[in-house]
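1. I would like the atomic coordinates for the input below:
(one chain, ligands or ions: 1)
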Amino acid sequence: MVIANSNIIFVAGLGGIGLDTSREIVKSGPKNLVVLDRVDNPAAIAELKALNPKVTITFYPYDVTVPLAETKKLLKTIFDKLKTVDLLINGAGILDDNQIERTIAVNFTGTVNTTTAILDFWDKRKGGPGGVVANICSVTGFNSIYQVPVYSASKAAALSFTTSIAKLAHITGVTAYSINPGITKTVLVHKFNSWLGVEPRVAELLLEHPTQTTLQCAQNFVKAIEANQNGAIWKLDLGRLDAIEWTKHWDSGI
Ligand code: NAE
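-> Here you go, the predicted model:
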């Protein structure tokens, strides 16, 4: 996909990975970047606007845990304004295994609901034009950080959902791929609760190993957007971008 002149919705476009990715996207010159996030950050929005005055940047507050109908209402407002949307990025995530239900609600249900809501506007069976979904999952969806089993499972679930959506593209016209960052230096991994306190030093232990910066992650994110491969499982780790070959252990045969 060519980012130049496109219309992009970015859920969680103001987080650690989100903001640097928003910056890289804006540099590539989309027509519109609509940033949705739980909390506004006027300074960050102003900075994005100043980065490339040709790009129209809009912000709407959006909590991904709202009911599906509310998400559809917000998307209607956006579609009424933009007419077409080329790419939806779902990036909302929390890492706190003390909050089991919230983790599943944000990391998994939030991704599922926002994707489901945009199908109202994109589904070719309803006369829609199709579109592209990029879901930020995680390398912990490949192999868990077992000290945070709830977070890891929520990311595995988001990854599984994304690969199914990709396989439904011939029916819906909507393609999808997953963006799976390795450990990236953001507030998310500074300090976090393990499940039942099984490892109080999980963040410290993780950060003893090599990590990547949000800028490295963002630059590879933009490369993945441009590659636009339906069903791709992108690993963005240690400053690299690699497409993962998923091992098949079973096939439904249908
Ligand atoms: P961050 O905490 O800076 O960003 C989290 C973003 O999610 C923020 O924009 C926040 O407002 C938004 N958000 C949280 N709850 C929300 C809600 N209810 N509704 C709407 N938005 C909400 O952390 P980050 O590291 O930039 O994380 C961005 C995404 O990347 C998350 O989905 C995270 O799980 C994922 N990710 C991060 C890392 C990492 O190392 N930083 C890795 C993979 C994936 C590696 C691991 O999995 C540990």
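
2. Contacts for the longest helix seen in the chain, please.
-> Counting residues, the longest helix found in the chain (DSSP state H) is helix 149-167. Here helix 149-167 makes contact (Cβ atoms under 8 Å, 6 or more residues apart in numbering) with 93-97, 100, 103-104, 107-108, 111-112, 115, 133, 135, 137-138, 140-142, 144-146, 172, 174-178, 180, 195, 230-231, 233, 246. For the C-beta atoms, the positions are set from N, CA and C on the backbone; glycine is no exception.

3. Let's see which of those end up in strands.
-> Val133, Asn135, Val174, Thr175, Ala176, Tyr177, Ser178, Asn180, Ile233 (DSSP state E).

4. got a list of what Arg125 touches?
-> If you count contacts by Cβ under 8 Å, 6+ apart, then Arg125 has Ile171, Thr172 around it.

5. now Trp246
-> Counted by Cβ under 8 Å, 6+ apart, Trp246 has contacts Thr163, Ile233.

6. Return the distance of it relative to Phe10.
-> The gap separating Trp246 from Phe10 is 26 Å, by Cβ to Cβ, to the nearest Å.

7. Kindly report the residues of this protein close to the ligand.
-> Residues of the chain lying close to the ligand (Cβ under 6 Å from any ligand atom) are 12, 14-18, 37-39, 62-65, 91-95, 106, 136, 138, 140, 181-184, 186-189.

8. Could you give me the ChimeraX syntax to select whichever of those are buried?
-> Command for ChimeraX, covering only those of these found buried under the criterion 16 or more other Cβ atoms under 10 Å:
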select :12,14,15,16,17,18,37,38,62,64,65,91,92,93,94,95,106,136,138,140,181,182,183,184,186,188,189
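
9. Which of the residues of the chain next to the ligand fall in helices?
-> Using DSSP H, the residues of the chain next to the ligand in helices are Gly16, Ile17, Gly18.

10. Please tell me I have it right and the last one contacts Gly91.
-> Just to be clear, that refers to Gly18. Yes: Gly18 lies in contact with Gly91 (Cβ atoms under 8 Å); the separation is 5.1 Å.

11. Common neighbours of these two, please.
-> With Cβ under 8 Å, 6+ apart as the test, Gly18 and Gly91 both reach Phe10, Ala12.

12. Surely Ile89 is in a strand?
-> Yes: counting by DSSP: H, G, I helix; E, B strand; the rest coil, Ile89 falls inside a strand.
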